[in-house]
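S.K.: Here is the input, now give the coordinates:
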Amino acid sequence: MRITRLGLFNVVLATVLLTSTFLMNAKLTTSVRQYDPWVDYNGDGTVNYLDVYSLLIAYGMSGDPTKNVTIVGHATKLLKPAVSASVPPSSSWESGLILIDGYSKVTVLLNVYPPGYSNQLVIYAYDYRGLAGTWALVENVIDIFGSWMKTYDVMNQQIRIIFNNPSVATLTLNLDVYLVA
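M.R.: Numbering: from 1, shown residues only. Next up, the predicted model:
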């Protein structure tokens, strides 16, 4: 392996900067620091020179920061089936199919504006490996006044959410669905 002058300069510069940073922090800090998993770049449970080496190798890389991130094996995904959806009086809103394959937890968060009206949220689950065409009732919540949230263990491969507005006022619906592997 051939080392160029620029490469050698970068290594020496990085070493000087890191050494001075460690020495300044050692003098300024009087208490014992706790382990920080975000600094443990290679995830081996110890913050040491291997983390610095991995960071130097990755330095300058770029990518798409909006992709799902896996932290300790737990992929998460946020779905927004309804964002300021208008639900007229005596009508309903339906999410359509929400696929939940590969996830172990589903959290449903509902916000209704204006609060104070009696309404209903119904959640159905469908297992396309089970009985064909059979939707099972998971939850039937009546009288949601403003906000409602619940987390479920994954029960099937897809869900469908229906919001009923039996009131005389038009309601605005925001619905978030969090999936966790």
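S.K.: shaky segments in this protein?
M.R.: 1-3, 6, 22-32, 65-74, 116-117, 127-135, 155-156 (pLDDT under 70).
S.K.: residues near the nearest residue to L97 once chain neighbours are set aside, how many?
M.R.: Excluding the flanking residues, the one nearest L97 by C-beta to C-beta, 6 or more residues apart in numbering is Q158, at 5.0 Å. The way it works is simple: take the backbone N, C-alpha and C, and place the C-beta from them, glycine included. By other C-beta atoms under 10 Å, the residues close to Q158 number 16.
S.K.: Same check on the one 4 residues further on?
M.R.: For I162, the count of nearby residues is 14 (other C-beta under 10 Å).
S.K.: if I pick it, what's in contact with it?
M.R.: With contacts defined as C-beta atoms under 8 Å, 6 or more residues apart in numbering, the neighbours of I162 are 92-95, 121-124.
S.K.: partner residues bridging it?
M.R.: E94, V122 (DSSP bridges).
S.K.: N42 versus that one, what's the distance?
M.R.: 47 Å (C-beta to C-beta, to the nearest Å).
S.K.: Going by the annotation, which residue ranges form each domain of the chain?
M.R.: Following automatic domain parsing, one finds the domains of the chain at 5-58, 70-180.
S.K.: circling back to that earlier point, check the contacts of I162 for burial and list the buried ones.
M.R.: 93, 95, 121-124 (16 or more other C-beta atoms under 10 Å).
S.K.: Of the domains of the chain, which is nearest D64?
M.R.: Closest approach to D64 among the domains of the chain (C-beta to C-beta): domain 70-180, 14.3 Å.
S.K.: roughly how far is the closest one from the heart of the chain?
M.R.: 17 Å (C-alpha atoms, centre = their mean, to the nearest Å).
S.K.: got it, and stretch 48-65?
M.R.: Centroid displacement of stretch 48-65 relative to its chain, using C-alpha atoms, centre = their mean, is 23 Å.
S.K.: What strands flank the longest strand anywhere in the chain, and is each parallel or antiparallel?
M.R.: The longest strand of the chain (DSSP state E) is strand 74-87. When sheet partners are counted by DSSP bridges, strand 74-87 sits next to strand 70-71 (antiparallel), strand 171-180 (antiparallel).
S.K.: Just name the most buried of the domains of the chain.
M.R.: Among those, domain 70-180 has the highest mean neighbour count (mean count of other C-beta atoms under 10 Å), at a mean of 15.
S.K.: can you tell me how far the residue nearest to D101 when sequence neighbours are not counted sits from I98?
M.R.: The shortest distance from D101 to any non-neighbouring residue, by C-beta to C-beta, 6+ apart, is to Q157 (5.1 Å). According to C-beta to C-beta, Q157 stands 10 Å off from I98.
S.K.: Check S84 too.
M.R.: S84 sits 18 Å away from I98, taking C-beta to C-beta as the criterion.
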